[in-house]
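>>> Below: sequence and its predicted model.
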Amino acid sequence: MQGQKQNKSTVSERIINIATVAVAIGIAAILIAIATSEGLQREIQKKTSVFNGHILVTTFENNESQVSLLPFEDTPALRSQIKEEKNVDRIHSIVLKAGMLKTKNDFEGFLLKGVSDDFDWSSLSSFLTQGTFPKLEKESVTNEILISETMADRLGIRLGQKVDAYFQNESGEGLPNRRRFTVVGIYFSGFPDIDQNLIYGDLGQVQRLNRWSSNQIGGYELFVNDFQDLDPTANRIYERLPSELNCSSISERFSGIFQWIALFDFNVLIILIVMLLVGIINMATALLVLILERSRMIGLLKALGADNTLVQKIFLYNGTVIMSKGLFWGNLIGLGFYFSQQYWGWIQLDPETYFVNQAPVYISWFQVFFINLFFLGISSLFLWIPSKIILRISPSRVLRYR
């Protein structure tokens, strides 16, 4: 008889341990999925935005071109119209021009982004790997440029080196325009499309190459405070602009990238549903075994006057305790992964596919709290189903034999 009791205890203990492990794995998988999904979305969104702006204002002729074809006047009145939109954080002018860098042994095509002294270099500080940013002044034009690590490696360019750049003559005839730039800074974004092409320089240089006046630019790059309100903000700005200017958000210009990262939310939802079902099924099984094993105790409680609701609450409380242990270990695993990846970055990714060289992670404490509360609440709610078997346990039957 004692061996039989030990066997029952062992069986229930194993099932309870399995249920605890299932809950731990479920909550850990959900936290890891959300952290990696949110981190990757934020990192790709940040890189795309920092190097391209949240909103771009250009002439309609420049919409489908990577270079600035036609200029428009940069006036205080136009800037004031744009800044009337409360969601706009900052604005700076740009001009884009294609060219070719040439060294003694090699050459490489590039896209020169000319920026003025109102450009916020601090937004690129986390991507700067060597040197400093170009020093831009209103009264003079500098030859200093910022190039990518990828281009520097391909051409064998070192920090502080002078390099020749060639640009197509605006007349379309004769020799190309030649400029000698000094590399004062090197950056690495991890975004192949950016690292293989983009160079930062003085807006005045591009204006001279294009034979534009000092107040003619190719476009404005705008940055907003609330990214969730990006598209409505772009629409409101468009209504304020002159008829020859267009306004497009980054989600519109890079729709393929943003549609791709939006799929991460769907993947996380699938993981959430699957892990929730696994946790519920395992907890329901463990609770059912506990109820059947303690059927004599249930009969005794009923015989002493306890109603079905009270007995159900006792077992639901035990189920919640078991689930809480699983949540504790699951959170420990999930948050352990989060902090270790955040500080050491031990999971590496292919930047050609994911636009980052290591898996970024992000999760807020509110998300952690909500996920745990949601998991605990939904699972506890569904535990009422197996606890209904208590209603069918009759004291006269289960207490008939010792």
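Cool, got the structure. None of these values were measured; they are calculated from a predicted model.
>>> next SSE after the helix of greatest length in the chain?
Looking across the chain with DSSP state H, the single longest helix is helix 2-52. As assigned by DSSP states H and E, the chain's next helix or strand after helix 2-52 is strand 55-59.
>>> Show me what that next one pairs with in its sheet, parallel or antiparallel.
Applying DSSP bridges to the sheet, strand 55-59 is found paired with strand 219-224 (antiparallel), strand 245-249 (antiparallel).
>>> Mean confidence (pLDDT) on the helix or strand that comes right after it, please.
As assigned by DSSP H and E, the chain's next helix or strand after strand 55-59 is strand 72-73. For strand 72-73, mean pLDDT is 92.
>>> Can you give the contact residues for strand 72-73?
If you take C-beta atoms under 8 Å, 6 or more residues apart in numbering as the criterion, strand 72-73 is touched by Thr58, Thr59, Asn215, Gln216, Ile217, Glu244, Leu245. Where C-beta positions appear, they are placed from N, C-alpha and C, glycine not excepted.
>>> quick one: contacts for the fourth one?
Under the criterion of C-beta under 8 Å, 6+ apart, the contact partners of Gln216 comprise Pro71, Phe72, Glu73, Asp74, Gln207.
>>> Of the contacts of strand 72-73, keep whichever come out buried.
The neighbour count (16 or more other C-beta atoms under 10 Å) marks Thr58, Thr59, Gln216, Ile217, Leu245 as buried among these.
>>> Would you show me how to pick out the buried ones of the contacts of Gln216 in PyMOL?
Buried members of the contacts of Gln216, defined by 16+ other C-beta under 10 Å, are picked up in PyMOL with:
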select buried, resi 71+72+74+207
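>>> Dump the contacts of Gln216 into JSON lines; add distance to Ala262 as well.
Below are these laid out as JSON lines (distance: C-beta to C-beta, whole Å):
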{"residue": "Pro71", "distance to Ala262": "35"}
{"residue": "Phe72", "distance to Ala262": "33"}
{"residue": "Glu73", "distance to Ala262": "37"}
{"residue": "Asp74", "distance to Ala262": "35"}
{"residue": "Gln207", "distance to Ala262": "38"}
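>>> re earlier: now find how far off-centre the longest helix of the chain is within its chain.
Here the centre of helix 2-52 is set off from its chain's centre by 20 Å, with C-alpha atoms, centre = their mean, to the nearest Å.
>>> Next, the angle from that helix to strand 219-224.
150 degrees (axes from the mean of the first three to the mean of the last three C-alpha atoms, to 10 degrees).
>>> For helix 2-52, what does the pLDDT average out to?
pLDDT averaged over helix 2-52 gives 80.
>>> how about low-confidence regions in the stretch 251-400 of the chain?
Confidence mapping of the stretch 251-400 of the chain against pLDDT under 70 gives the ranges 298, 302, 387-400.
>>> okay, now Arg178: neighbour count?
Applying other C-beta atoms under 10 Å, we find 11 other residues in the vicinity of Arg178.
>>> how would you label the closest residue to it other than its chain neighbours: helix, strand or coil?
Using C-beta to C-beta, 6 or more residues apart in numbering and skipping the chain neighbours, the partner closest in space to Arg178 is Tyr166 (5.6 Å). The three-state label given to Tyr166 by DSSP: H, G, I helix; E, B strand; the rest coil is strand.
>>> for the protein, longest strand please?
With secondary structure taken from DSSP state E, the chain has its longest strand at strand 88-102.
>>> Could you list the alpha-carbon positions for the very next helix or strand once past that strand in CSV?
The helix or strand immediately downstream of strand 88-102 is strand 107-115, counting by DSSP H and E. This file holds the C-alpha atoms of strand 107-115, laid out as CSV (Å, rounded to 0.1, in the frame of the first residue of the first chain):
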residue,chain,number,x,y,z
PHE,A,107,37.8,53.0,-58.2
GLU,A,108,34.3,52.8,-56.7
GLY,A,109,30.9,54.5,-57.4
PHE,A,110,29.3,56.4,-54.6
LEU,A,111,26.4,58.8,-53.7
LEU,A,112,27.5,62.0,-52.1
LYS,A,113,25.1,63.5,-49.6
GLY,A,114,25.8,67.1,-49.1
VAL,A,115,24.6,68.5,-45.7
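>>> so what strands line up beside strand 107-115?
Partners of strand 107-115 in the sheet, by DSSP bridges, are strand 88-102 (antiparallel), strand 198-202 (parallel).
>>> Of all these, which one is nearest Asp229?
strand 88-102 (10.8 Å; C-beta to C-beta).
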